[in-house]
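*Asks:* have a look; sequence and predicted model below, questions after that.
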Amino acid sequence: MSSENWVRLPVIDFSKQDLKPGTPEWDVLKVQVREALAEYGCFEASTDRLKEVGKPIIGALEEIFDLPLETKKLCVSEKNRFIGYYAPKAPMAESFAIDNVDEENNIQQSLTNILWPQGNPSFSKSQVCFAELALGLEKTIRAMILESFGLDDNYVKEHMDLTKYSVRLMKYEAQTQSNDDPLLVAHYDSNLLTLLYQNEVNGLEIQNNGEWIKVKFSPHSFIVMIGETLSALLNGRLPSVLHCVMNVENNKTRYSTGFFSCLKGGFKVKVPEEVVDEQHPLLFKPFDYDEFHACFISNVNPLGQAFRNLKTYCGV
Ligand SMILES: O=C(O)CCC(=O)C(=O)O
Ligand SMILES: [Fe+2]
């Protein structure tokens, strides 16, 4: 593997445990977050807490994908390709998705108990610890972003209350050079923020100023990315990121896991007036996240449109 091809995004350290809005530490990180997102739509968030949480997560990923196919298929959801076992490119790429990971016992009920009827407490524990860590970090980073646009505490709180969270577990086999189609096609995430974690095998690529960049990141970091919904809510003032996954340069299996925050459906998402002015005229009409997502899923390729879905859906 030619390691010089791989690039590090700006690294922002979130190891400090009790970061509080209004403190100097908070304000320093807030500026770094805003700058990195304006430039790349994503950045590397490092945290010492991944030293404990990271290893069991990778172990759990290996364990779940090692299950026999018939067992994995017990988790297939007929209705929703974003829930359960989904592997259109199997055996090269496979994934499991689970919704509402912040609800107590949901990981156990929707995943662990189906795959391991005799129980698998260590698997559930690794997932719960991961979701807790990612959830705290996601809320901190989202609050910083909203605050940096002048949105007040009430707005931030309301936003947090209207959010749901899901997790995706992914496995990508090493590809041969002759088969170099992305294992996960180029797409923009449709949600608010995505936090990605991986084993030591790099494979994520992002587009920046029209160039593809191969992203490497530390085992004690997440990659944090803006999705379409947050970008639209901010009136396009921070970009969502086109990204894909390839695994051609490593001879090893890549495991990754993503934590996704999304707005709950049933109400109209509206661009707040704080982000609209003469230089930034309104770009998006109010939209319902569930309706948008249903449309996004029903499109030909569930993750695969290499264009801004929200602009097409509700652009002014
Ligand atoms: O595996 C990765 O690093 C990326 C996954 C991803 O982009 C997604 O699940 O939306
Ligand atoms: Fe993605």
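*Replies:* Looks like it arrived, so ask away. Ligands and ions are numbered 1, 2, ... in the order given.

*Asks:* which helix or which strand is home to the closest residue to ligand 1 within the chain?
*Replies:* With C-beta to the nearest ligand atom, the shortest gap between the chain and ligand 1 falls at residue 256, namely 3.6 Å. Just so you know, the C-beta spots here come from the backbone N, C-alpha and C atoms, and that holds for glycine as well. Secondary structure assigned from DSSP states H and E places residue 256 in strand 254-263.

*Asks:* what's the first helix or strand after the longest helix along the chain?
*Replies:* Ranked by residue count under DSSP state H, the longest helix found in the chain is helix 121-148. Once the chain leaves helix 121-148, the next helix or strand it forms, by DSSP H and E, is helix 153-161.

*Asks:* and that following helix, what does it pack against?
*Replies:* helix 121-148 (3 or more C-beta pairs under 8 Å, 6 or more residues apart in numbering; DSSP states H and E).

*Asks:* is ligand 1 contacted by the helix it packs on?
*Replies:* No: judged by C-beta under 6 Å from any ligand atom, helix 121-148 and ligand 1 are separated, with a smallest distance of 13.3 Å.

*Asks:* quick check: angle from that helix to helix 153-161?
*Replies:* 150 degrees (axes from the mean of the first three to the mean of the last three C-alpha atoms, to 10 degrees).

*Asks:* which residues sit against stretch 227-239?
*Replies:* 34, 37-38, 41, 142, 145, 149, 188-194, 226, 240, 260, 262-263, 269, 271-272, 275-276, 280, 282-284, 287, 289, 292, 308-311, 314 (C-beta atoms under 8 Å, 6 or more residues apart in numbering).

*Asks:* ugh, wrong one, I meant stretch 200-216
*Replies:* 3, 5-9, 39-42, 172, 182-183, 186, 196, 198, 217, 219, 223, 225, 241-247, 249-250, 252-256.

*Asks:* list the buried residues for that stretch?
*Replies:* 201-208, 213-216 (16 or more other C-beta atoms under 10 Å).

*Asks:* put the buried members of the contacts of stretch 227-239 into a ChimeraX selection.
*Replies:* The ChimeraX command for the buried members of the contacts of stretch 227-239 (criterion: 16+ other C-beta under 10 Å) is given here:
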select :34,37,41,142,145,149,188,189,190,191,192,193,194,226,240,260,262,263,269,271,272,275,283,284,287,289,292,308,309,310,311,314
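
*Asks:* hang on, the earlier thing: what helices and strands are in contact with the longest helix of the chain?
*Replies:* Counting by 3+ C-beta pairs under 8 Å, 6+ apart, helix 121-148 packs on helix 24-40, helix 50-65, helix 106-107, helix 153-161, strand 163-172, strand 193-198, strand 221-226, strand 254-263.
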